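Engineer: kindly generate the corresponding structure for this input.
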Amino acid sequence: MMNRRHFSASMGALALSPSVFAQSAYPQRPITLVVPFSAGSVVDVQARLIAQALSDNLGQPIVIENRVGVSGSIGAEFVARAAPDGYTILLGTQGTQGTNTVLSKNIRYDPIKDFVAIHGLTGNANVMVCNPNTKFKTVADVIEFGKQQPGKLNFGSGGNGTSAHLCLELLQTQTGARFNHIPYKATTAALVDLIAGNVDVLFDYVQTSRAHIRDGKINALAVTSTSRLAALPNVPTMTEAGIPSVVAMNWGGIFVPVNTPAPIVKRLSDGVGQALNSPEVTAALDAVSSVKIGMPHEQFTPFVASEAAKWAEVIRKSGASL
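Structural biologist: Predicted coordinates for the structure are as follows:
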């Protein structure tokens, strides 16, 4: 009987060992990093920065796959349905992991229940910019106009549900000013019309606006970060401009499907943290005014939940939708 029991126990251990080995030896092949936005976008550029450093840390290639559509939800759903083995990961954002499911009833995944939050990556501030020919010199000028003549000021954005749009909605709910929102299919199109004078004001990423600000084609009024940015040192924060409740960073991070084994979650979280803190990545992010979010799995998980709740409240109050 003892020999039979020992034999059975040994066979059970052998049956489990491939799975245990696979987790401990992870990764053993290339990893696909799904970027749910187009090549060349701010998110895509940052994904490629991180991917190279992460590949060096994990010892396997990181293959970027752009799966675009529905404000990033196509790519997010693809990863949510992928095998939970650590070989298909997502660069999720405030939109894919927080706001899209509130903005639209057609999103077919749960941003909290269907994913494990691995590690925070970056936060990107918006800057409020206006056409130089307008009479607006400060944020206070814009707010005053929006209160005195509600709906008369044309406020552009890169599209419904984007970070710029939600910053606008946050501004309206916190100040009582009302603007005429004009969503474009892309930020570049909104900037062209801002420069041409077809829209008056918009929120935009610092990365895409700062060249136009430098050339005097548009004026910067304030940034939505908690402190001033090195790229725009003379531009005040929204808090300095008198609107402390309008602080927003469009963040991004790495996510994997739910039920991914804990050893793989830890391996990825550690690897991403090391990649994010490498001198090359730090310098590159500083150059484009991106703020590092140094949050490993244990810290990033509650952060994502709190951000989702914050923006859900803004969306419900504003009635915004995709």
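Engineer: after the helix or strand that contains A190 comes which helix or strand?
Structural biologist: Using DSSP states H and E, A190 maps to helix 187-196. Sequence order places strand 201-205 as the next helix or strand after helix 187-196, per DSSP H and E.
Engineer: what residue ranges in the stretch 101-250 of the chain score low on pLDDT?
Structural biologist: Of all residues in the stretch 101-250 of the chain, none has pLDDT under 70.
Engineer: what residues are up against I89?
Structural biologist: Residues counted as contacts of I89 (CB atoms under 8 Å, 6 or more residues apart in numbering) are 31-34, 79, 118, 254-256, 268. For every residue, glycine as well, the C-beta is placed using N, CA and C.
Engineer: residues making contact with stretch 294-310?
Structural biologist: For stretch 294-310, contacts defined as CB under 8 Å, 6+ apart pick out 94, 97-99, 111-112, 116-120, 251, 253, 265-266, 269-270, 273, 276-277, 293.
Engineer: rerun at 6 Å
Structural biologist: 97-98, 117-120, 253, 265, 269, 273 (CB atoms under 6 Å, 6 or more residues apart in numbering).
Engineer: farthest pair in the residues you listed?
Structural biologist: Longest distance between any two of the contacts of stretch 294-310 is 21.8 Å, between G98 and G273; criterion CB to CB.
Engineer: circling back to that earlier point, the helix holding A190: which residues count as buried?
Structural biologist: Counting neighbours by 16 or more other CB atoms under 10 Å, one finds that the buried residues in helix 187-196 are 187, 190-191, 193-195.
Engineer: now do stretch 28-35
Structural biologist: Within stretch 28-35, the residues scored as buried using 16+ other CB under 10 Å are 31-35.
Engineer: chain center to it: distance?
Structural biologist: The chain centroid and the centroid of stretch 28-35 are separated by 19 Å under CA atoms, centre = their mean, to the nearest Å.
Engineer: touching, Q60 and Q28? I think so.
Structural biologist: No - counting by CB atoms under 6 Å, Q60 stays clear of Q28, with 7.5 Å between them.
Engineer: distance from the chain centre to stretch 297-315, please.
Structural biologist: For stretch 297-315, the distance to the chain centre is 12 Å (CA atoms, centre = their mean).
Engineer: what's the average pLDDT for that stretch?
Structural biologist: Mean pLDDT, stretch 297-315: 91.
Engineer: buried set for it?
Structural biologist: Neighbour counts over stretch 297-315 (16+ other CB under 10 Å) mark 297, 300-301, 304, 307-308, 311, 314-315 as buried.
Engineer: tabulate those (CSV), appending distance to D286 and secondary structure.
Structural biologist: Shown next, in CSV, are those (distance: CB to CB, whole Å; DSSP: H, G, I helix; E, B strand; the rest coil):
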residue, distance to D286, secondary structure
H297, 25, helix
F300, 21, helix
T301, 27, helix
V304, 24, helix
E307, 23, helix
A308, 28, helix
W311, 27, helix
V314, 29, helix
I315, 32, helix
